[in-house]
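Trainee: below is the structure, and that's it, no one-letter string:
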């Protein structure tokens, strides 16, 4: 039995050493290699200046063509849309941009039915942020503390953060980074096109809009205190969707909102009910240029 | 409680320590602890179904004794059939009732009548097919006087509910397992070490191979209408490795876990994808089930006696029943039928036992022929898996039709944001690794034991899929 206990201890030791080594290697790659996700992309923007930054959910990521805006307006633009992003996430991203010394003339913030999901956060953003949880960055640590139940385990148990979210920040992404595979974010300035159409089932729009959202108020306060210019807008939605009156109600609760939910009407421009395809994105980007006088 | 969960990672060491340090006075203590642990293990899924497990244990325990005690044939037959009917009755109600009700209604409706099926809302108790078959083999063996009835209820209970094999096998025989639980187990370092290594290798197969393949196979099968020929072929190959990694990985973990308690279980897989014909495949795949059907169905039906026609009939019955055992769906029956058809030429040409010896590969003409036979057997097996994986027969047929008619072999970017071919290198490495260890119980042994151990642990951590625990496929059976 003694020999067996020694053998088990050897395996446990190998496991711990492997976990530390892999944690160190993965984190090093995430912090330094070619970005393979939006969080790495944001991390790579330190000390840069932009004219326009767009943030929001996949409905921004797939619908605002930064290059088209640059081409038409000559203004340096990036798209920081991330799948499932909520106002809670956005409030932290805005603080992170300041912390990273990323400056901008105007920040365009997408608001829609996520206005109702006050305490929810994007699993993509929160998981993709995990590799940075060992850093001393207060904003990242504060965000993860508020969104991840197992935050302390992720922070102190080596490699746990990577095994808990292997599909988003696992070996495959590290391998792509190591190969210096050019990321879609760099070449498209954050825009991720969708082609064709899909019949996938998506979240339903709520019946009515909430009166307020504490993270929206927080963002507004931040804009005032930092003297920044934030513009709120909603992205297009298929007119075949249910509960479209939600957007009228939202406009009443957020008067400064530029309500663009119905600016694209033809089915051929939609990938699914909530997302435009590449043609739709091109059409919508031109609407933004015109209506927001970019 | 899954074998690849943190819950099990805590459960196993606790039971191990209690077993060897607290309950090691005699075999009754050891067995009692293992029964408590097994019932807890089973209750973690649904404690309400414990009654079914206990009832099944009691039924076969008493009917076994009654068969042995009674000397008149009619009474022996009564107790024998009571056990068979009740066991199969439970299986029929829980697993097959809705299937028969729906199929019967569809048949009636096909004649122009309008009838709604009377369905029951029932959850399939985990492992019911496995522990029912344990009990059945025990009762049948007593009836045919191959074994003596077990009078010690604790020993018998452990035979039925021993947790490593409780929910997905291997399907044990009383002749193999009962003698082991009837003696006090002494700790053996070599056996325990082999067990730990087998658990680690099982985890590699499950979390690295099976769960990675599942991500791609699910994407292809769930969106088959959008897939081209290349993706459909790859989807079928990925599923072949998913189910192999999943089930043989489970079996490795089960066998390894059991070795930690000093008990050997039946080998369930013997590198089936290196088979040179379909008969050899079925001698290497899910061995405990194949041999169960051979001993308790094929041979009682007459087996190979009675001429070719009888052999063909019995072979088809075995494969169809085996398919149906896997699930209440026509897809499983079709899968069984296809395998029977594959088997037929070998049977008719008396070649079904022509590859009994181990592969002795050499780089010559004969060696290349062997490789060709292996590739061919793997291809037809993978083709049959399409029916096993598809939701319905029409889905399977559409899948095959698109695979052969689309003829577009471009690499596709799948909905899971991965290219369809990306997993092939991993599958290739796995095949090579298995090939060079095909004569071993577990590959983490021999000359480079420590290096292999290191690589396996690295692979589990770096390549494993842990995001949410993926259920083992065979639990549903």
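Mentor: Okay, I see it. Please read these numbers as outputs of a predicted model, since none were measured by experiment. Numbers count the residues shown, from 1 in each chain, chains lettered A, B, ... in the order given.

Trainee: correct me, but residue B:233 touches residue B:404?
Mentor: No - under the criterion of C-beta atoms under 8 Å, residue B:233 makes no contact with residue B:404, lying 9.8 Å away. No exception for glycine: its C-beta is placed from N, CA and C like everyone else's.

Trainee: comparing those two, which residue is more hemmed in?
Mentor: Neighbour count, other C-beta atoms under 10 Å in any protein chain shown: between residue B:233 and residue B:404, residue B:233 has more, with 19 against 11.

Trainee: the more buried one looks like it's in a helix, true?
Mentor: Yes - counting by DSSP: H, G, I helix; E, B strand; the rest coil, residue B:233 is located in a helix.

Trainee: state the distance from the residue nearest to it when sequence neighbours are not counted to residue B:389.
Mentor: Nearest residue to residue B:233, sequence neighbours excluded (C-beta to C-beta, 6 or more residues apart in numbering or on different chains): residue B:403, at 6.2 Å. For residue B:403, the distance to residue B:389 (C-beta to C-beta, to the nearest Å) stands at 13 Å.

Trainee: what do these two both touch?
Mentor: The contact sets of residue B:403 and residue B:389 overlap at residue B:236 (C-beta atoms under 8 Å, 6 or more residues apart in numbering or on different chains).

Trainee: residues in contact with the helix or strand harbouring residue B:86: which ones?
Mentor: Assessed by DSSP states H and E, residue B:86 sits inside helix B:73-91. Defining contact as C-beta under 8 Å, 6+ apart, one finds that helix B:73-91 is touched by B:52, B:56, B:59-60, B:63-64, B:66-67, B:70, B:128-129, B:132, B:135-136, B:139-140, B:143.

Trainee: the helices in the stretch 1-150 of chain A, which residues?
Mentor: With helices called from DSSP state H, counting those that start in this stretch, the stretch 1-150 of chain A shows them at A:2-32, A:38-43, A:58-61, A:66-73, A:87-99, A:123-129, A:138-147.

Trainee: and for the stretch 151-294 of chain A?
Mentor: Using DSSP H, counting those that start in this stretch, helices in the stretch 151-294 of chain A cover A:151-156, A:160-163, A:166-169, A:171-178, A:184-188, A:214-226, A:245-253, A:278-291.

Trainee: so does the longest one get close to chain B?
Mentor: No - interface with chain B: helix A:278-291 contributes nothing (C-beta under 8 Å from any C-beta of the partner chain), its closest point being 14.2 Å away.

Trainee: avg pLDDT for that helix?
Mentor: The average pLDDT for helix A:278-291 rounds to 93.

Trainee: for the stretch 151-294 of chain A, which residues are neighbours of chain B?
Mentor: A:159, A:162-167, A:170-172.

Trainee: distance of residue A:64 relative to residue B:291?
Mentor: 63 Å.

Trainee: so those two - more neighbours on which side?
Mentor: Regarding residue A:64 and residue B:291, a neighbour count based on other C-beta under 10 Å identifies residue A:64 as having more, with 30 against 17.

Trainee: quick check: phi and psi on that one?
Mentor: As for residue A:64, its main-chain torsions (degrees, to the nearest 10) stand at phi -110, psi 110.

Trainee: and the pLDDT for it?
Mentor: pLDDT, residue A:64: 94.

Trainee: kindly report the same for residue B:120.
Mentor: The model's pLDDT for residue B:120 equals 66.

Trainee: quick one: average pLDDT of stretch B:360-378?
Mentor: The average pLDDT within stretch B:360-378 is 90.

Trainee: can you give the contact residues for it?
Mentor: The contact list for stretch B:360-378, computed with C-beta under 8 Å, 6+ apart, reads B:240, B:273-278, B:280-281, B:359.

Trainee: next, count neighbours for residue 142.
Mentor: Assuming you mean chain A. Residues near residue A:142, counting by other C-beta under 10 Å, number 12.

Trainee: you answered for a different chain; I wanted chain B.
Mentor: Using other C-beta under 10 Å, residue B:142 is surrounded by 25 other residues.

Trainee: list the contacts for the residue of the stretch 251-400 of chain B found nearest chain A?
Mentor: Nearest residue of the stretch 251-400 of chain B to chain A, counting by C-beta to the nearest C-beta: residue B:260, 9.3 Å away. Counting by C-beta under 8 Å, 6+ apart, residue B:260 touches B:12, B:16, B:192, B:195-196.

Trainee: out of these, which touch chain A?
Mentor: Residues of the contacts of residue B:260 in contact with chain A (C-beta under 8 Å from any C-beta): B:192, B:196.

Trainee: who wins for neighbours among the contacts of residue B:260?
Mentor: residue B:195 (27 neighbours).

Trainee: report how many residues lie close to residue B:75.
Mentor: Residue B:75: 13 neighbours (other C-beta under 10 Å).

Trainee: likewise residue B:300?
Mentor: 11.

Trainee: for the one 5 residues further on, same thing?
Mentor: Residues within reach of residue B:305, counting by other C-beta under 10 Å, total 10.

Trainee: mind checking pLDDT for it?
Mentor: pLDDT, residue B:305: 81.

Trainee: now swap in residue A:80 and tell me
Mentor: For residue A:80, the predicted pLDDT is 93.

Trainee: can you tell me which residues contact it?
Mentor: A:38, A:41-42, A:53-55, A:60, A:93, A:190.

Trainee: which one is it nearest to, not counting chain neighbours?
Mentor: For residue A:80, the closest residue by C-beta to C-beta, 6+ apart turns out to be residue A:55, at 4.6 Å.

Trainee: how about the nearest residue to residue B:426, chain neighbours excluded?
Mentor: Spatial nearest neighbour of residue B:426, excluding adjacent residues (C-beta to C-beta, 6+ apart): residue B:212 at 6.4 Å.

Trainee: surely that neighbour is in a helix?
Mentor: Yes - counting by three-state DSSP, residue B:212 is part of a helix.

Trainee: surely it is in contact with residue B:425?
Mentor: No - using C-beta under 8 Å, residue B:212 is not in contact with residue B:425, being 11.2 Å away.
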